[in-house]
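> what's the 3D shape of this:
(chains A and B)
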Amino acid sequence: MPIQALSNSKELIVESLRLPKDTMLGAAIVTITGKQEAFIENYKGILEYTTESIVLQGKNCKICFEGRRLSIDYYTNEDMKISGSIDAVRYV
Amino acid sequence: MLHWVQYIRGYVTIKVWGYSTERLLNLCGNHNILVWDIEDHGDYDTMNISVQGFFALKPLLKKTGTKASVLKRYGLPFFMSKMGRRKIFVVGFLCCMLFWMLTSGYIWNIRFEGNYVLTDDVLLDYLEEKDVRVTMKKSRLQIEELEKSLREDYDVITWTSVQVKGTTLLIYIKENEMPNYDQMSQPDKTGSEAGTEGRDLIATKSGTISYIITRSGVPQVALGDTVEKGDVLVSGAVPVYNEDTTVRKYQYVESDADIKLRYTESVSVKKDILYEEKMYSGKQKTMFMLGVNDRELNLRLGKIPYAEYDVSGEKKQVKLLDHLYLPVFYGKKTVQEYEMIRQKHTEEEMNSMMQDEWYKIKETLNEKGVQIITKNVTIKKNDKNWVLNANMQLEESAAELVPTSTEPIGVGEDSVQEETAE
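Now for the predicted structure:
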């Protein structure tokens, strides 16, 4: 309960000070262009990679991309780009 | 841009398989090793990785228990090592580049445009004098000066433009279309200056005077006189008489007169009935030709098997793009066999040939301004040949102006007389 309160208060501070949420809260930024491309920043790592699904580890949650012929255009510590036919993005 | 950087630094496509390729990817990310174009092929993944990244990958592979093998190499470092193995190719390529760079620094062709009065040959000779020729260095060419000297040395040229396009020297010329009156009147002036010395009209042919009207000078002949070639017809020394009809002095003038001379001339033309004609057998051979500068090399197999033959053909100059001419020629030559065959002209053919001959004689006389007064044309025929004999009486104005050469004898006598009178 106190953790919940702490995170809530942190969110409140970030919100009130208008600080960028991604850096302060470690939230992942996912930019999807149409159906073909996804651009992800601020993630921790890759958990699973097949042509049908790519699962990424965020700070607070996992992000799961589902689709067909998925491939990773590039992969660095900061950002990555996925291309293929994306059917769904799920936060687990 | 990124592609170029990747190409210059070199990269490889690797195949990764094993327990967890995802973990390897994460470790790559943590170690700042860039990987791209990651594709899942089921049993294995393929990805591109920089050469440096590939070397840094080894401990990571050990850690994750995955294996990697190189599928393909890309980029400049690999290309260079490949070229290192093909030394002759590289040397050949560099030599080729060097050849082009060297040869493109010279003039290989000179072209003129817009010249009608001045022929290409005249202009080429002029350029040769100015040390501008094919195979000269472009850097030695002084375009401005060449333009200027062309305009100055030829009055007929009113505008010039000299350009170098590739290895061709292009010279554009505009000629003066109006006749140059200044130049035309110049010889006249010099003539009149010489006239103070006096000028005689002399006969250029032997014959009889058939017509004479003198405008200036003293006629030395009369109508009907027979003269020899070189005889003075009208003298440019006009005597001025004393009261006692002795010559006091001579005034020198330029003789001017219309004089026609009549003379006889005979012309004879012989034509053989038999003649030789080339009969092409239809057999021919084609050979190829290569040439550098003035040297030619015919590419053929064996000797030409014909006793008598004609060679004809065409050659082309090798050029690059539009204006880069090289001193290399190539072409095709055709060798045609022929046989000389004795033929006989028919009566009709002979007749028309004789007619033609007579017509030619008349034409040439006409062109010279010679009039035919009477003519007697006969044709003698025998088995071997026909002979055309033309006896003609011709009339032409056969007089020529020459400076009065001999001092009239009267002057000297005259002065002696005057002295004695004193």
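> residues in contact with the nearest residue to B:Ser50 once chain neighbours are set aside?
Excluding the flanking residues, the one nearest B:Ser50 by Cβ to Cβ, 6 or more residues apart in numbering or on different chains is B:Tyr11, at 5.0 Å. For every residue, glycine as well, the C-beta is placed using N, CA and C. Residues in contact with B:Tyr11, defined by Cβ atoms under 8 Å, 6 or more residues apart in numbering or on different chains, are B:Asn48, B:Ile49, B:Ser50, B:Val51, B:Tyr74, B:Gly75.
> does B:Tyr11 have beta-bridge partners, and which?
Judged by DSSP bridges, the bridge partners of B:Tyr11 are B:Ser50, B:Tyr74.
> how about A:Glu48?
A:Val55.
> ok, now B:Ser268?
Beta-bridge partners, per DSSP bridges, of B:Ser268: B:Asn389.
> next up, the contacts around the residue nearest the centre of chain A.
Central residue of chain A (Cα atoms, centre = their mean): A:Ala28, 3.7 Å from the mean position. With contacts defined as Cβ under 8 Å, 6+ apart, A:Ala28 is in contact with A:Asp22, A:Ile40, A:Glu41, A:Asn42, A:Tyr43, A:Leu56, A:Gly58, A:Lys59, A:Ile63.
> out of those residues, who's nearest B:Ile143?
A:Glu41 (62.5 Å; Cβ to Cβ).
> returning to what we had before: next one: the residue nearest to the centre of chain A from B:Ile33, what distance?
According to Cβ to Cβ, to the nearest Å, A:Ala28 and B:Ile33 sit 22 Å apart.
> hang on, the earlier thing: which members of the contacts of A:Ala28 are the farthest-apart pair?
Greatest spacing in the contacts of A:Ala28, by Cβ to Cβ: A:Asp22 and A:Leu56 (14.5 Å).
> what's the local residue count around B:Val134?
Per other Cβ atoms under 10 Å in any protein chain shown, the neighbour tally for B:Val134 reads 18.
> pLDDT at it, what is it?
For B:Val134, the model assigns a pLDDT of 84.
> residues in contact with it?
By Cβ under 8 Å, 6+ apart, the residues touching B:Val134 are B:Ile107, B:Trp108, B:Asn109, B:Ile110, B:Pro327.
> hang on, the earlier thing: kindly supply the PyMOL command isolating those of the contacts of A:Ala28 that are buried.
This is the PyMOL syntax for the buried subset of the contacts of A:Ala28, where burial follows 16 or more other Cβ atoms under 10 Å in any protein chain shown:
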select buried, chain A and resi 40+42+43+56+58+63
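> can you tell me which of the contacts of A:Ala28 are in helices?
Those of the contacts of A:Ala28 mapping onto helices are A:Asp22, per DSSP state H.
> for the contacts of A:Ala28, which one is nearest B:Tyr44?
Distances from B:Tyr44 to those, taken by Cβ to Cβ, are shortest for A:Leu56, at 21.2 Å.
> quick one: that closest one and A:Ile63 touch, right?
Yes - A:Leu56 is within contact range of A:Ile63, at 4.7 Å (criterion: Cβ atoms under 8 Å).
> hey, what's in contact with both of these two?
In terms of Cβ under 8 Å, 6+ apart, A:Leu56 and A:Ile63 are both contacted by the residues A:Ala28, A:Ile40, A:Tyr43.
> among these, which ones are in strands?
Those of the shared contacts of A:Leu56 and A:Ile63 mapping onto strands are A:Ile40, per DSSP state E.
> which one of the shared contacts of A:Leu56 and A:Ile63 sits closest to chain B?
The closest of these to chain B turns out to be A:Tyr43 (Cβ to the nearest Cβ; 9.2 Å).
> and the residue nearest to B:Ser50, how far from chain A?
Distance, B:Tyr11 to chain A, by Cβ to the nearest Cβ, to the nearest Å: 12 Å.
> centre of the chain versus the top helix by length along chain B, how much separation?
Ranked by residue count, the top helix of chain B under DSSP H comes out as helix B:347-368. Taking Cα atoms, centre = their mean, to the nearest Å, the mean C-alpha location of helix B:347-368 is offset from the chain mean by 35 Å.
> what lines up beside the helix or strand just after that helix in the sheet?
Using DSSP states H and E, the helix or strand that follows helix B:347-368 in sequence is strand B:371-381. Using DSSP bridges, strand B:371-381 pairs in its sheet with strand B:385-396 (antiparallel).
> same for the helix or strand just after the partner strand, what does it pack against?
As assigned by DSSP H and E, the chain's next helix or strand after strand B:385-396 is strand B:399-403. Contact here means 3 or more Cβ pairs under 8 Å, 6 or more residues apart in numbering or on different chains; DSSP states H and E; on that basis strand B:399-403 packs against strand B:199-203, strand B:256-272.
> between these, which one is nearest to B:Thr214?
strand B:256-272 (4.2 Å).
> for that closest one, which residues meet the burial criterion?
Result for strand B:256-272 [16+ other Cβ under 10 Å]: buried residues B:Ala257, B:Ile259, B:Lys260, B:Leu261, B:Arg262, B:Tyr263, B:Val269, B:Lys271.
> now the fourth one, nearest residue through space, not along the chain?
Counting by Cβ to Cβ, 6+ apart, B:Gly207 is the residue found nearest to B:Leu261 once chain neighbours are left out, at 3.9 Å.
> and what of the third one?
Counting by Cβ to Cβ, 6+ apart, the nearest residue to B:Lys260 once its immediate chain neighbours are dropped is B:Tyr211, at 3.9 Å.
> give me the phi and psi for that neighbour.
The phi/psi pair for B:Tyr211 (degrees, to the nearest 10) reads phi -160, psi 130.
> show me where chain B has helices.
Secondary structure of chain B (DSSP H): helices at B:2-9, B:21-30, B:51-56, B:58-64, B:76-85, B:87-103, B:120-129, B:143-153, B:181-195, B:347-368, B:409-421.
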